Every structure is written in structure tokens, then in C-alpha cells.
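1. Here you go, sequence then predicted model.
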Amino acid sequence: MFDYFRIAGPLVRLLEAETAHGLTIRLLKSGMVPRQPAFDPPALAMHLWGRDFPNPVGLAAGFDKNAEVPDAMLGQGFGFVEIGSVTPRPQPGNPKPRMFRLPEDGAVINRMGFNNEGMEAVAQRLAARRRAGIVGANLGKNKDTEDAASDYEKGAARLAPLSDYMVINVSSPNTPGLRALQGRDQLEALVGRTRAALDAAVSQSPPPLLLKIAPDLAWEDLADIAAVALAGGLDGLIVSNTTVARPETLRSANAKETGGLSGAPLFESSTAMLRRVYELTGGKLPIIGVGGVASGSEAYVKIRAGASLVQLYSAMVYEGPALITRIKHELVDLLTRDGFTSITQAVGYDHREPKP
Ligand SMILES: Cc1cc2nc3c(=O)[nH]c(=O)nc-3n(C[C@H](O)[C@H](O)[C@H](O)COP(=O)(O)O)c2cc1C
């Protein structure tokens, strides 16, 4: 298959990062980007929350904030797409520039600040699409909303009927006060209220509700989150969002920009956290592993550490969408190497057996 990104990619990367992203969305919307040939062998299928994922590799939130191109991205080979973060009202986000490439580090820093068109515009787009393929909605809060939980209630009520899963995002570093919602008391109330809104909106088999957490939480906080998650109300966790940490190894000129760091330098810490969350929840709650996945072997490490599904965003900035099919081929090879016939057998395997 011709990889048009080999030619278009270097040209797109000459543009400022957010301009390049806007152009990419426009190209995807225009239908000019060819679909990837389908590659979803049975070994990669994952059945979760009553849904059939054709493969475990998803598009992370933030790429398609306004649900403009979920089907085009499913056509690039993703097993599922997460749109958002969406807030109840439209908001402009932070001043530009607010997205930075760190090419020497295979990383990105962003301080977008939940720029999005608001839940009504997103709901109308989701309602207009033919319901095929798994599309989840990631909820955020407006910057100026005092009662944070009320924004998640609104988002859940409006988008639950149109989404295959819902995410409470309390882990973006670019909305003041947002990450404080990860504390135990606040979180219990937030999850309870969002759950109630979701169940009221869709009484017959409501979509599963997930919580997306930050990689900068202390180990003690993780125990609280696991306790809230296991107490009911949540169906899964997403580990993790971007980090405010700046590893000393970063070499790129943009390394000192304020915001959340994603991509390769996030892989180790987000995977360590995923491993710990799997232990704390005893493998009872499905986890989506995200942070620095750029190859099949990194996806596989997350799966063996406890992820039922994985997501990525930053690696696509550098490698283009052909990366998705590459990752899937590599995953099949790794499963075969280790004697697994299905990805489901590999989920959390590191916790059961010594490494081969
Ligand atoms: C430009 C940009 C915007 C993002 N926006 C969001 C967002 O709106 N909501 C969210 O939950 N995560 C957002 N993320 C975080 C990603 O979903 C993901 O958790 C993170 O980038 C780590 O994955 P990666 O290393 O594969 O990029 C954003 C990431 C980037 C790079």
C-alpha cells in the first residue's frame, strides 16, 4: 500500500504544529485520504463492555476534539476512536501557540485548554453518522464552571445516547483545578453524579463509563482511585493523560514549554502506573493503556502489563496513520511468538507468569 504520508508528512511538519493538525483534519474530512486496507485478524479482536472491538488499537482523545473525522480515522485502521474532550459550551482554549513538537524526543507538548465547539455541535455530528465502529466521547468541563460535576452531568446526558463509551477526563493539566477532582471525596461525588445522569439518559444498557487519570498522581492517590473505581459507578480506567513532568533526557528546543508532555518520554511512567493500577484493581476493571505507544512492542508491553486496549496520538504526528497497520502486524507476530492465539490471553499476563 502506498504510504502517502512519506511524502505529505515532511511537508506537513514544516507547518506550525496546530496549523498542520487543522490541515490534517480538513484533508480527512474531504475524503482525500485513502483508507488503509482492513487488517483485523481474529487474534486481535477484543470483546469488552458488550462491544466488539475489531482490534485493540484506538485513537486517543484530543486529535478529533469536535467529532469531525471519527469514521475517517476508523478507516485508517483504528479499532476505536475517542472524540473530545468536549465541554458543555464552546470555548476557545488558551492563546496560540499552544501545541509544540519535540522531534528529537518523539514527543509533543500541548496546552490547548479544551478548545472545542461544545457538546451541541458534537452531538449533531455524532447523530448524523451511521452508527458503525466504536466511538467513545471524552468529557471535560468549561474553564469558568464552578460546579465541575454539573458539566460532566450535562455532557453525559447529551452524548451518552450517541456514544459507545464515555470518559470522565479529570486529568488534563491545562484547565485550572481540574486534576484536583481526582481526590477521593470529589471523585466519588463526580462519578456518582455523572453515572446518574448517564443512566437517566440511556436506561436500556447505557454505555460504559471510564475515568482518565494523570500520570503525575502519587502512588497513595492511586489506591484511592482504585477504591472509588471498585466501589461501582465506573466500568474502566484510562491510564494515562499527558504529564507535567519534564524528564532530564529531553533534548528538543521546545522542552521547556508549559503544558502536558506526551509521546515517547511518557511511555515508562504511564506504563508503570498502568501496571500498578492493574494490581490495585486486581484485574477486575478493564484498563485502556495510553502514553508513548509508537510500535507493536510498546502496545504489547502495555497489554501484558494489564491493558485490555491501547490508544495513541503523538506517534501519529511523526509517523502518519500507516503506523496503525504496522502496529497491528507487529502485535500478531508478538502474540504468535509467545504462543497466544488471542490478545485476550495476553492481557495482564505479566502479573500471572514470570516473563519468558
Ligand atoms: C495536542 C494534544 C491534545 C490533547 N487533548 C486531549 C483532550 O482534549 N482530552 C484528553 O483526555 N486527552 C488529550 N490529550 C492526551 C492524549 O489523549 C493522550 O492521553 C496522551 O497524548 C498520551 O498519549 P500519546 O503519548 O500516544 O500521545 C491530548 C494530547 C495531545 C498531544
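-> Yep, it's here. Note that the coordinates shown come from a computational prediction; the quantities given were computed from them, not determined experimentally. Numbers count the residues shown, from 1 in each chain.
2. In the stretch 151-300 of the chain, mark out all the strands, start to finish.
-> With DSSP state E, counting those that start in this stretch as the criterion, the stretch 151-300 of the chain has strands at 165-169, 209-213, 236-239, 260-263, 287-290.
3. Reformat those as CSV; add distance to the ligand.
-> For every residue, glycine as well, the C-beta is placed using N, CA and C. Shown next, in CSV, are the strands of the stretch 151-300 of the chain (distance: least, C-beta to the nearest ligand atom, whole Å):
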stretch, distance to the ligand
strand 165-169, 4
strand 209-213, 5
strand 236-239, 7
strand 260-263, 3
strand 287-290, 5
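4. just so I know, which of these lies nearest residue 189?
-> Nearest to residue 189, of all these, is strand 165-169, at 11.8 Å by C-beta to C-beta.
5. That closest one packs against which elements?
-> Applying 3 or more C-beta pairs under 8 Å, 6 or more residues apart in numbering; DSSP states H and E, we find strand 165-169 packed against strand 80-86, strand 134-139, helix 148-159, helix 184-201, strand 209-213.
6. Burial-wise, tell me which of those comes out on top.
-> Ranked by average neighbour count under the criterion mean count of other C-beta atoms under 10 Å, the helices and strands packed on strand 165-169 are headed by strand 80-86 at a mean of 28.
7. Restricting to C-alpha, output it in CSV.
-> Extracted C-alpha coordinates of strand 80-86, given in CSV (Å, rounded to 0.1, in the frame of the first residue of the first chain):
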residue,chain,number,x,y,z
PHE,A,80,-11.9,2.5,18.1
VAL,A,81,-11.8,6.3,18.2
GLU,A,82,-12.3,8.6,21.2
ILE,A,83,-13.6,12.1,20.4
GLY,A,84,-13.2,15.2,22.7
SER,A,85,-12.6,16.4,25.2
VAL,A,86,-16.0,18.1,24.8
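8. That one and the ligand, are they touching?
-> Yes. Using C-beta under 6 Å from any ligand atom, strand 80-86 reaches the ligand at 84-85.
9. will you turn the helices and strands packed on strand 165-169 into a markdown table that also has mean pLDDT and distance to residue 122?
-> Listed next are the helices and strands packed on strand 165-169 as a markdown table, based on pLDDT from 0 to 100; distance: least, C-beta to C-beta, whole Å:
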| stretch | mean pLDDT | distance to residue 122 |
| --- | --- | --- |
| strand 80-86 | 98 | 5 |
| strand 134-139 | 98 | 7 |
| helix 148-159 | 98 | 7 |
| helix 184-201 | 95 | 15 |
| strand 209-213 | 97 | 17 |
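10. can you put these in a markdown table and add distance to residue 95?
-> A markdown table is the format used below for these (distance: least, C-beta to C-beta, whole Å):
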| stretch | distance to residue 95 |
| --- | --- |
| strand 80-86 | 18 |
| strand 134-139 | 23 |
| helix 148-159 | 22 |
| helix 184-201 | 29 |
| strand 209-213 | 25 |
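11. Look at the residue in the stretch 51-200 of the chain that the ligand sits nearest to and say how many residues are nearby.
-> Residue nearest to the ligand within the stretch 51-200 of the chain: residue 62 (2.2 Å; C-beta to the nearest ligand atom). The number of residues packed near residue 62 is 26, by other C-beta atoms under 10 Å.
12. likewise the one 3 residues further on?
-> Other residues near residue 65 number 23, with proximity taken as other C-beta under 10 Å.
13. contacting residues around it?
-> Counting by C-beta atoms under 8 Å, 6 or more residues apart in numbering, residue 65 touches 83-86, 115-117.
14. near the ligand, which residues of the protein?
-> Contact residues (C-beta under 6 Å from any ligand atom) of the chain with the ligand: 60-62, 65, 84-85, 99, 108, 110, 112, 138, 169, 172, 212, 241-242, 262-263, 266, 290-293, 312-315.
15. Which of those fall in helices?
-> 314-315 (DSSP state H).
16. picking that back up, of the helices and strands packed on strand 165-169, give the one that comes closest to residue 337.
-> Closest among the helices and strands packed on strand 165-169, once you apply C-beta to C-beta, is strand 80-86, at 25.3 Å.
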